[in-house]
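Asker: Sharing a sequence plus its predicted fold:
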There are 2 protein chains.
Amino acid sequence: MTARVLDGQALAARLQAEIKPRVAEFVSTHGRPPGLGIVLVGNDPASHVYVRNKVKAGSDAGFRVDLERMPESATLDDVLALVERLNRSAAHDGILVQSPLPKSMGAGAQQCVFDAIAADKDVDGFGAESVGLLCQNRPKLVACTPAGIIELLHREDIAIRGRHAVVVGRSDIVGKPMALLLLHRDATVTICHSRTPDLAAVCRQGDILVAAVGRAGLITKDHVKPGAAVIDVGMNRVTDAAVAASLFPAGHPRLASFEARGSVLVGDVHPAVADVAGALTPVPGGVGPLTITMLMTNTLRAAVARGGASPSPASAS
Amino acid sequence: MTARVLDGQALAARLQAEIKPRVAEFVSTHGRPPGLGIVLVGNDPASHVYVRNKVKAGSDAGFRVDLERMPESATLDDVLALVERLNRSAAHDGILVQSPLPKSMGAGAQQCVFDAIAADKDVDGFGAESVGLLCQNRPKLVACTPAGIIELLHREDIAIRGRHAVVVGRSDIVGKPMALLLLHRDATVTICHSRTPDLAAVCRQGDILVAAVGRAGLITKDHVKPGAAVIDVGMNRVTDAAVAASLFPAGHPRLASFEARGSVLVGDVHPAVADVAGALTPVPGGVGPLTITMLMTNTLRAAVARGGASPSPASAS
């Protein structure tokens, strides 16, 4: 068996195409585009790349995207004041604060800022209220990666109801919201993690298996029920030749690429799982492209839910 | 094998005894007792019984307990205004609104009121923010029934870390918070429900099995791994003689009691599970007594976390 490839890139393109006419309709109804405020603090190079991609995706979708940059020296209070201004702004439907914040702000700063974003505008879904509403199955805005996976399963006609879903990883941004979304769609859900004995045996129960731990190739054929749908959330840059060789057979083009570049991007799922699984997301090109697309979906949803409140001269920013 | 009985009544008494000196210490430090505001709307007879028990438990513990009664005709706005007054009151550390609210308030009224309670005072732990904080493993106040079960497991030296815990039921007040609490204590967690195929096979994986569905005797010997710790959250009043006869053998004192009274209170776990389980909570006398005790624990915790803010003449109620 060779697993059906769940092409996240193609689905992301389809979803983006679907968003455009809805944005146009929003503009014609409300006289303004959906607005997304992105806060970027400091000089983290990866953050700059991520933010650039988000600005581009939003602009391509027809949104107003305001990138608010703050210096590395900004204080937590500065960031909270900016978030509060965006909370009050009628022109902004979604607010996103790129993580990580500068280390100097302290360990709790990131979550403090997430919590400060109004739940109506929390397009990353990381604030306490957003998470509580999700947990109680009355979500406003749901974290983009797990929301994208649900969309992928739905579009690919992979049934959730009555199936056993196994989620490996219990992070706040993927594992736990993923488990809740699957549970609310009537899956029996098991959550595993680093303290799970005999991980392979537990994973083999999954009709749907979601791996979100950040360990290259952790999930092998031995972990997968034949025919299962396997969703690979991992994004691991492998630079060790022995690890690369353990993932790809001699002569494989990705191994050749590793040899040429000195690194290769792989998921948490060993490529050989394709021999056992019924369907599998590739890395790259699986879950990744959907995450940014769901950010656009969330922003449009927030705009519609807010009823397209127009910016008033007093409150527009 | 006959399962060890996990005596919730005895543990509740012990916890209550432990609370008293901590309350006395709070009073001597802060010059006031921990304060609990209980809101009771309308005339539901069961609610009156529950509230009376809560008032008594709080008073016995040395708390100030204010019972705020509102007529059946009260509006949602009336209740919200009262909650807001209690939120601002320096004398009240915990706020509890007894459910159900009168049906005339509409289906969403209950959750709307829960969400209005300040998270610092949400001693039932039902508001969106409280639930989100729990989900992100930074809880302030946790729903009393699952918190009581964790306390019971801890006091009875039943290990959680690395064990497989199976939770049957996915309610907002027991199943989901229970699963999260077990997960955060390093259990591998499976959540089952009415859509789970072959429930018995899934349950049999549980080193810890929590049943919280409200179906008398649903969990039979066939559902239980030999030696497992079984926690029975169900409280079902059986009035059908055939059901009673299926639960207790002829001549059993509880069956005699059923025949005398016409009803018997049973859990979700069939009594014969005691032959297979390693430990088992009885019904009644298991989880039930712990729930009200955890309400007291939560109120004291809230009071201490608030730093014993003294009532100022302006804000005291």
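Answerer: On my side now, so go ahead. Numbers count the residues shown, from 1 in each chain, chains lettered A, B, ... in the order given.
Asker: okay, and for chain A, where does confidence drop off?
Answerer: A:1, A:308-317 (pLDDT under 70).
Asker: could you pull out the strands for the stretch 151-300 of chain A?
Answerer: A:164-168, A:188-192, A:208-211, A:229-232, A:236-238, A:264-266, A:279-280 (DSSP state E, counting those that start in this stretch).
Asker: Nearest to chain B, out of these?
Answerer: The minimum distance between chain B and the strands of the stretch 151-300 of chain A falls on strand A:188-192, with 4.2 Å, by C-beta to the nearest C-beta. The way it works is simple: take the backbone N, C-alpha and C, and place the C-beta from them, glycine included.
Asker: Can you dump the C-alpha atoms of that closest one in CSV for me?
Answerer: Provided in CSV are the C-alpha atoms of strand A:188-192 (Å, rounded to 0.1, in the frame of the first residue of the first chain):
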residue,chain,number,x,y,z
THR,A,188,-12.9,8.7,20.8
VAL,A,189,-9.6,10.6,21.6
THR,A,190,-6.4,9.4,23.2
ILE,A,191,-3.6,11.9,24.0
CYS,A,192,-0.1,10.5,24.3
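Asker: Quickly run through the sheet partners of that strand, with directions.
Answerer: Using DSSP bridges, the strands paired with strand A:188-192 are strand A:164-168 (parallel), strand B:188-192 (antiparallel).
Asker: In TSV: the ones you listed, plus mean neighbour count and distance to A:D268.
Answerer: Formatted as TSV, these follow (neighbours: other C-beta atoms under 10 Å in any protein chain shown; distance: least, C-beta to C-beta, whole Å):
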stretch	mean neighbour count	distance to A:D268
strand A:164-168	28	7
strand B:188-192	28	17
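Asker: Among the ones you listed, which comes closest to B:G288?
Answerer: B:G288 lies closest, by C-beta to C-beta, to one member of the strands paired with strand A:188-192: strand B:188-192, at 22.3 Å.
Asker: quick one: contacts of the closest one?
Answerer: If you take C-beta atoms under 8 Å, 6 or more residues apart in numbering or on different chains as the criterion, strand B:188-192 is touched by A:179, A:183, A:188-193, A:195-197, A:202, B:162-170, B:175-176, B:179, B:182-183, B:199, B:202-203, B:205-206.
Asker: One more: stretch A:26-40?
Answerer: A:23, A:47-48, A:51, A:54-55, A:58, A:62-70, A:79, A:82-83, A:86, A:89, A:91-98, A:123, A:295, A:299-300, A:302-304, A:308, A:310-311.
Asker: Stretch A:285-292 too?
Answerer: Stretch A:285-292 has contacts (C-beta under 8 Å, 6+ apart) with A:6-9, A:11-12, A:15, A:53-54, A:57, A:144-145, A:148-149, A:151-152, A:231-233, A:235, A:267, A:280-281.
Asker: Chain B contacts on the stretch 101-250 of chain A?
Answerer: Within the stretch 101-250 of chain A, the positions near chain B by C-beta under 8 Å from any C-beta of the partner chain are A:111, A:119, A:127-138, A:161-162, A:164, A:170, A:172, A:176, A:179-180, A:183, A:186-193, A:195-197, A:202.
Asker: Buried subset of those residues, written for PyMOL?
Answerer: In PyMOL, a selection of the buried entries from these looks like this (16 or more other C-beta atoms under 10 Å in any protein chain shown):
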select buried, chain A and resi 111+119+127+128+129+130+131+132+133+134+135+136+164+170+172+176+179+180+183+186+187+188+189+190+191+192+193+195+196+202
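Asker: Among the residues of the stretch 101-250 of chain A next to chain B, which lie within helices?
Answerer: Residues of these located in helices (DSSP state H): A:111, A:128-135, A:176, A:179-180, A:183, A:202.
Asker: returning to that earlier point: which one of the strands of the stretch 151-300 of chain A lies closest to B:I19?
Answerer: Per C-beta to C-beta, nearest to B:I19 of the strands of the stretch 151-300 of chain A: strand A:188-192, 33.1 Å.
Asker: quick one: that closest one to helix A:175-184, angle?
Answerer: 170 degrees (axes from the mean of the first three to the mean of the last three C-alpha atoms, to 10 degrees).
Asker: A:L295 contacts A:K56, correct?
Answerer: No. Applying C-beta atoms under 8 Å as the test, A:L295 and A:K56 come out as separate, 11.7 Å apart.
Asker: Can you say which of the contacts of stretch A:285-292 are buried?
Answerer: For those, a neighbour count by 16+ other C-beta under 10 Å gives the buried set as A:6-8, A:11-12, A:15, A:54, A:57, A:144-145, A:148-149, A:151-152, A:231-233, A:235, A:267, A:280-281.
Asker: For stretch A:266-285, buried residues please.
Answerer: So stretch A:266-285, judged by 16+ other C-beta under 10 Å, has buried residues A:266-274, A:276-283.
Asker: Next, find the distance separating the residue nearest to A:L80 when sequence neighbours are not counted from A:P100.
Answerer: Distance criterion C-beta to C-beta, 6 or more residues apart in numbering or on different chains; nearest residue to A:L80, sequence neighbours excluded, is A:A116 at 5.4 Å. Distance, A:A116 to A:P100, using C-beta to C-beta, to the nearest Å: 16 Å.
Asker: got it, and A:D157?
Answerer: Look at A:D157 and A:P100: by C-beta to C-beta, they are 38 Å apart.
Asker: who has more neighbours, those two?
Answerer: Taking other C-beta atoms under 10 Å in any protein chain shown, A:D157 and A:P100 do not tie; A:P100 has more neighbours (13 against 7).
Asker: Thought A:A107 was touching the more buried one, still the case?
Answerer: No. A:P100 lies out of contact with A:A107 (C-beta under 8 Å); the separation is 10.5 Å.
Asker: still on that earlier bit, what about A:L295 and A:K56, which has more around it?
Answerer: A:L295 (26 against 12).
Asker: What's the separation between the residue nearest to that one when sequence neighbours are not counted and A:A57?
Answerer: Once flanking residues are discounted, A:L295 sits nearest to A:C144: 5.1 Å by C-beta to C-beta, 6+ apart. Separation of A:C144 from A:A57 (C-beta to C-beta): 11 Å.
Asker: Repeat that for A:I173.
Answerer: Distance from A:I173 to A:A57, by C-beta to C-beta: 19 Å.
Asker: From B:L101, how far out is the closest residue to A:T196 other than its chain neighbours?
Answerer: Of all residues not flanking A:T196 in the chain, B:T188 sits nearest, at 4.4 Å (C-beta to C-beta, 6+ apart). Distance from B:T188 to B:L101, counting by C-beta to C-beta: 38 Å.
Asker: Next: A:L180.
Answerer: 26 Å.
Asker: just A:A74 next, same as before
Answerer: For A:A74, the distance to B:L101 equals 45 Å [C-beta to C-beta].
Asker: between these two, which one's more packed in?
Answerer: B:L101 (23 against 19).
Asker: Go ahead and report the secondary structure state at that one.
Answerer: Three-state call for B:L101 (DSSP: H, G, I helix; E, B strand; the rest coil): coil.
Asker: my read: it touches B:G108, true?
Answerer: No. Using C-beta under 8 Å, B:L101 is not in contact with B:G108, being 10.2 Å away.
Asker: which residues does A:G94 contact?
Answerer: With C-beta under 8 Å, 6+ apart, A:G94 has these contacts: A:P34, A:G35, A:L36, A:G37, A:K121, A:V123, A:L295, A:N298, A:T299, A:A302, A:A303.
Asker: helix, strand or coil for the third one?
Answerer: By that I understand A:L36. Here A:L36 is strand, with the state taken from three-state DSSP.
Asker: ok now stretch A:31-42, how far from the chain's centre?
Answerer: Its chain's C-alpha centre lies 18 Å from the corresponding centre of stretch A:31-42 when counted by C-alpha atoms, centre = their mean, to the nearest Å.
Asker: Chain A: helices as residue ranges?
Answerer: A:8-30, A:45-61, A:76-88, A:109-116, A:128-135, A:144-155, A:175-184, A:199-203, A:241-247, A:253-261, A:287-305.
Asker: what does the fourth one contact?
Answerer: Outside helix A:109-116, the residues within contact range by C-beta under 8 Å, 6+ apart are A:76, A:79-80, A:83-84, A:87, A:97, A:99-101, A:122, A:124, A:126-129, B:136, B:138.
Asker: now could you export just the CA positions of it as CSV?
Answerer: The C-alpha trace of helix A:109-116 is given here as CSV (Å, rounded to 0.1, in the frame of the first residue of the first chain):
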residue,chain,number,x,y,z
ALA,A,109,4.9,37.9,28.9
GLN,A,110,3.8,36.0,25.9
GLN,A,111,0.8,34.5,27.5
CYS,A,112,0.0,37.7,29.3
VAL,A,113,-0.2,39.4,25.9
PHE,A,114,-2.3,36.6,24.4
ASP,A,115,-4.7,36.9,27.2
ALA,A,116,-5.0,40.7,26.7
